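Q: model the following, please.
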Amino acid sequence: MDGHVKKKLTCVFKSFSLQDDECHYSLPFKVADCDWRLVAFRKRDTDGGYLSMYLELAPGTLPPRWRRDVEFSLTLVKQGFGNSNKTSGQGCFDAENNSWGFEEFLPLSKLSGHLVDYNLTIITELDVMPAIVLPEEPVKETTDVNGFEVLSCQVESVKRIFERHPDIAEEFYAKNQHLRNACMTFLLSLVETLCQSLEKLSNEDLVEADIALTYLKDAGFKVDWLEKKLDQLKDKKEKEKSCLARLQEIEEHLQKLKQKCSQLDALADDEKTDLSATRTALSFDDIV
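A: Prediction:
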């Protein structure tokens, strides 16, 4: 596939009417070994509407995981006055995203001045960058555990849950495998959240955990054991709050005591200095 390519060409929309709302397509053209075309249609609204203009890559032109980055400009040719309304943009084109452009390219009220015998002419300039091949995403292997397809990193956790709570999914009747997998992942996420330290677990986290638990119960999971653990965490969070308040009070009192001790140490040093001076023996000269 061609590398970096720049090209300028003229595209013509024939039989372009101001009345219909159909999509109009230019003739296809090839740039950088890719097939392109312009697409134009009317976007009507309360302000009178706009002409929308897009650059489109032909479906199937790029293989999966291939991407072409394009800088492009579209310029209307105005009857009797040369070119006008040049608009520039850029887009990332791949197998799933094949259209980039301008929803409000030109007000419909100005469109008639650009029509010549119902033909609309656009000067198109393309700057197509070299193709980029994106790395292939690794396939995530799954394992069936009691009817749930779980990732390899989740297998041990799910097995332990079923070993300790074999009736957890007895009333879970969802048949859709994607839904079953999503609910099990949701359950594992909730357990992981509750495994956080109280210091990291906020009150908002506990409220959201309550909501998640209700969702799992409504879905049919038997999670009374998890509800008890959540209640225990709520109690511990309240105790943590009380402990923090008492600790702050103790630390403030301790700070005052340390300050008092520092003052007493200073007084003691002064007294020791006075005592030392008082105990100093008189010399012979002092006495005679």
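
Q: now residue 14: phi and psi?
A: phi -90, psi 150 (degrees, to the nearest 10).

Q: please renumber the chain so that the first residue is 26 from this point on.
A: In the new numbering, first residue 26, that becomes residue 39.

Q: how near is it to residue 219?
A: 66 Å (CB to CB, to the nearest Å). For the C-beta atoms, the positions are set from N, CA and C on the backbone; glycine is no exception.

Q: neighbour-wise, which of those two wins?
A: Relative neighbour count places residue 219 above the other of residue 39 and residue 219, with 18 against 11, counting by other CB atoms under 10 Å.

Q: do you know how far that one is from residue 197?
A: Using CB to CB, residue 219 is found at 20 Å from residue 197.

Q: pretty sure residue 226 sits against residue 262.
A: Yes. With contact defined as CB atoms under 8 Å, residue 226 reaches residue 262; the gap is 7.1 Å.

Q: relative to residue 163, how far out is residue 173?
A: 21 Å.

Q: who has more neighbours, these two?
A: For residue 173 versus residue 163, neighbours defined as other CB under 10 Å are more numerous around residue 173 (20 against 6).

Q: can you pull the contacts of the more buried one?
A: 183, 194, 205, 206, 209 (CB atoms under 8 Å, 6 or more residues apart in numbering).

Q: and if you look at residue 33?
A: Residue 33 neighbours (CB under 8 Å, 6+ apart): 148, 149, 150, 151.

Q: mind checking which helix or strand it is in?
A: strand 30-38 (DSSP states H and E).

Q: neighbouring strands - and their directions - for that strand?
A: The pairing partners recorded for strand 30-38 under DSSP bridges are strand 144-153 (antiparallel).

Q: who touches the following helix or strand past the strand it pairs with?
A: The element immediately downstream of strand 144-153 (helix or strand, assigned by DSSP H and E) is strand 157-158. With contacts defined as CB under 8 Å, 6+ apart, strand 157-158 is touched by 90, 91, 92, 93, 94.

Q: in the helix or strand just after strand 157-158, which residues are buried?
A: Following strand 157-158 in sequence order, the next helix or strand is strand 167-170 (DSSP H and E). Burial within strand 167-170, assessed by neighbour count using 16 or more other CB atoms under 10 Å, is assigned to residue 170.

Q: packing partners of strand 167-170?
A: With contacts taken as 3 or more CB pairs under 8 Å, 6 or more residues apart in numbering; DSSP states H and E, strand 167-170 sits against strand 173-176, helix 180-189.

Q: okay, the angle between the helix or strand following the last one and helix 180-189?
A: Elements were assigned by DSSP H and E; along the chain past helix 180-189, the next helix or strand is helix 202-219. With axes from the mean of the first three to the mean of the last three CA atoms, to 10 degrees applied, the angle from helix 202-219 to helix 180-189 works out at 90 degrees.

Q: which elements pack onto helix 202-219?
A: Contacts defined by 3+ CB pairs under 8 Å, 6+ apart place helix 202-219 against strand 173-176, helix 180-189, helix 228-244, helix 249-303.

Q: now do 10 Å
A: Packing contacts for helix 202-219, counted by 3 or more CB pairs under 10 Å, 6 or more residues apart in numbering; DSSP states H and E, involve strand 167-170, strand 173-176, helix 180-189, helix 228-244, helix 249-303.

Q: show me the contact partners of that helix.
A: 167, 169-176, 178-179, 182-183, 186, 193-194, 197-199, 201, 225-226, 230-231, 233-234, 236-238, 240-241, 244-246, 248, 251, 254-255, 257-258 (CB atoms under 10 Å, 6 or more residues apart in numbering).

Q: one more: stretch 179-187?
A: If you take CB under 10 Å, 6+ apart as the criterion, stretch 179-187 is touched by 166-171, 173, 175-176, 193-194, 206, 209-210, 212-213, 216-217, 248, 250-251.

Q: out of the residues you listed, which end up buried?
A: For the contacts of stretch 179-187, a burial check counting by 16+ other CB under 10 Å picks out 170, 173, 175, 193, 194, 206, 209, 212, 213, 248, 251.

Q: domain ranges for the protein?
A: Per automatic domain parsing, the domain ranges recorded for the chain read 30-157, 164-302.

Q: most packed of the ones you listed?
A: domain 30-157 (a mean of 15; mean count of other CB atoms under 10 Å).

Q: including distance to residue 81, could the contacts of residue 33 go into a markdown table?
A: Converted to a markdown table, the contacts of residue 33 look like this (distance: CB to CB, whole Å):
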| residue | distance to residue 81 |
| --- | --- |
| 148 | 17 |
| 149 | 12 |
| 150 | 16 |
| 151 | 12 |
